[in-house]
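A.B. asks: the following block contains a protein sequence and its predicted model.
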Amino acid sequence: MSTQTDTGLELAVPPPTPHRSPAWFAWRRFLANKAAVAGGVVMLVLILAAILAPLFTKTDPAAQAFLTQSLAFPSADFWFGVDDLGRDFFTRIVYGARVSLTIGFAAATFSALIGIPLGALAGYFGGRTDWVIMRIIELFSVVPAPLTALLLGALTGGGFVTIVVISALFGWVNVCLLVRAQVKALREKEFIRAAQALGASPGYVIRRHLIPNAVSPIIVGFVLAIPLAMMLEASLSFLGIGVPPPTPSWGQMINTGMNFMFFYWHMAVFPTAALAITVLATTLFGDGLRDALDPTLKGR
């Protein structure tokens, strides 16, 4: 593209730069992070496998359909081998992903439901409200989560609901801190001042202006709460107070595999690898989202 001056000379004019939204820059930064993309792909595969498990597994995960092949090593017929009770190990690993992911997403949801309003209140009002909420956060930060979870699990007998509740009790802290920091940065902006000057109530300002503009840290906090809940579930199931058998749980399967690990390696290796890969992929994905959605990086 060029333009002609009064002297007859033609000057090259660069084409207009197309407008790019903040979401476009965030998406570009995320794609540039190969580890985060790989983590997202692994998460997607695991979620699809957990949802579609009945379509490509041989039997029910609790069915003792292969008693004559108990403790069989991995083969073409049994990809991950057979456990000590004659159950297809690949089937149990896949259904274990369903249990772990369900607990992870459920715990992250409840963590967000607790952390978002508390973080918004602390960041918006400050003062005494912020002081009280920060003291509560310090209390939960000092109390050792694994020991508390072990105690509560032993008192209640464990189970799906118990693990979700325990995970949410400790997972909300990170979400609250992220939302609090974002709201504190936003409350002095002109559009917030304008809404206050027009007589908007604090509840309206928080609900309609602050929380929608704090979506980025909310997403990051939600994703990073998932692996914490999965690790807690695996730990409690390993100790026998998590998800009750015969429901497949990776922690429970690791516990059983420890008794056979010197002779039948597949009993311990496959559930351990499944848990490690899932937690690593979720963490990489969450870290990538945090970097991509960081407002200080917009426009780079």
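C.D. replies: Received the coordinates, thanks.
A.B. asks: in the chain, mark out all the strands, start to finish.
C.D. replies: 2-4, 10-12 (DSSP state E).
A.B. asks: sketch out the low-pLDDT regions of the protein for me.
C.D. replies: Along the chain, the model assigns pLDDT under 70 to residues 1-22, 294-300.
A.B. asks: could you point out the longest helix of it?
C.D. replies: Counting by DSSP state H, the longest helix found in the chain is helix 89-125.
A.B. asks: pretty sure residue 120 contacts residue 212?
C.D. replies: No. Counting by Cβ atoms under 8 Å, residue 120 stays clear of residue 212, with 11.0 Å between them. Where C-beta positions appear, they are placed from N, C-alpha and C, glycine not excepted.
A.B. asks: neighbour-wise, which of these two wins?
C.D. replies: A count of neighbours by other Cβ atoms under 10 Å puts residue 120 above the other of residue 120 and residue 212, at 25 against 10.
A.B. asks: quick one: contacts for that one?
C.D. replies: Neighbouring residues of residue 120 by Cβ atoms under 8 Å, 6 or more residues apart in numbering: 179-180, 183, 206, 210-211, 214.
A.B. asks: try 7 Å
C.D. replies: 179, 183, 206, 210-211 (Cβ atoms under 7 Å, 6 or more residues apart in numbering).
A.B. asks: one more: residue 104?
C.D. replies: 226-227, 229-230.
A.B. asks: same question for residue 58.
C.D. replies: Neighbour list for residue 58: 88, 91 [criterion: Cβ under 7 Å, 6+ apart].
A.B. asks: ok, now the one 3 residues further on?
C.D. replies: The neighbours of residue 61, taking Cβ under 7 Å, 6+ apart as the test, are 87, 91-92, 95, 248.
A.B. asks: same thing but 6 Å
C.D. replies: Applying Cβ atoms under 6 Å, 6 or more residues apart in numbering to residue 61 gives the contacts 91-92, 95, 248.
A.B. asks: buried ones among those?
C.D. replies: 91-92, 95, 248 (16 or more other Cβ atoms under 10 Å).
A.B. asks: which stretches of the stretch 1-150 of the chain form helices?
C.D. replies: Per DSSP state H, counting those that start in this stretch, the stretch 1-150 of the chain carries helices over the ranges 22-32, 34-51, 53-56, 89-125, 127-142, 145-156.
A.B. asks: wait, which of those helices is closest to residue 163?
C.D. replies: Closest to residue 163 of these, according to Cβ to Cβ: helix 89-125, at 5.6 Å.
A.B. asks: quick check: buried residues in stretch 202-211?
C.D. replies: 205-206, 209-211.
A.B. asks: alpha carbons only: can I get that stretch in CSV?
C.D. replies: Output of stretch 202-211 as CSV, limited to C-alpha atoms (Å, rounded to 0.1, in the frame of the first residue of the first chain):
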residue,chain,number,x,y,z
PRO,A,202,-21.1,-3.2,47.0
GLY,A,203,-22.9,-6.4,46.2
TYR,A,204,-23.8,-5.1,42.7
VAL,A,205,-20.3,-3.9,42.1
ILE,A,206,-18.7,-7.2,43.1
ARG,A,207,-21.2,-9.3,41.2
ARG,A,208,-21.4,-7.3,38.0
HIS,A,209,-18.0,-5.7,37.7
LEU,A,210,-15.3,-7.2,39.9
ILE,A,211,-15.9,-11.0,39.6
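A.B. asks: need the contact partners of that stretch.
C.D. replies: So stretch 202-211 is contacted by 120, 124, 183, 186, 195 (Cβ under 6 Å, 6+ apart).
A.B. asks: so can I have TSV of these showing distance to residue 158?
C.D. replies: TSV is the format used below for the contacts of stretch 202-211 (distance: Cβ to Cβ, whole Å):
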residue	distance to residue 158
120	33
124	38
183	36
186	41
195	47
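A.B. asks: of those residues, closest to residue 265?
C.D. replies: residue 120 (49.8 Å).
A.B. asks: tally of neighbours for the residue lying closest to residue 140 once chain neighbours are set aside?
C.D. replies: Of all residues not flanking residue 140 in the chain, residue 173 sits nearest, at 5.3 Å (Cβ to Cβ, 6 or more residues apart in numbering). For residue 173, the neighbour count with other Cβ under 10 Å is 23.
A.B. asks: before we move on, what about residue 237?
C.D. replies: 29.
A.B. asks: relative to residue 131, how far out is it?
C.D. replies: Applying Cβ to Cβ, to the nearest Å, the value for residue 237 to residue 131 is 38 Å.
A.B. asks: ok, which stretches of the stretch 201-300 of the chain are helices?
C.D. replies: 202-205, 215-238, 250-257, 266-292.
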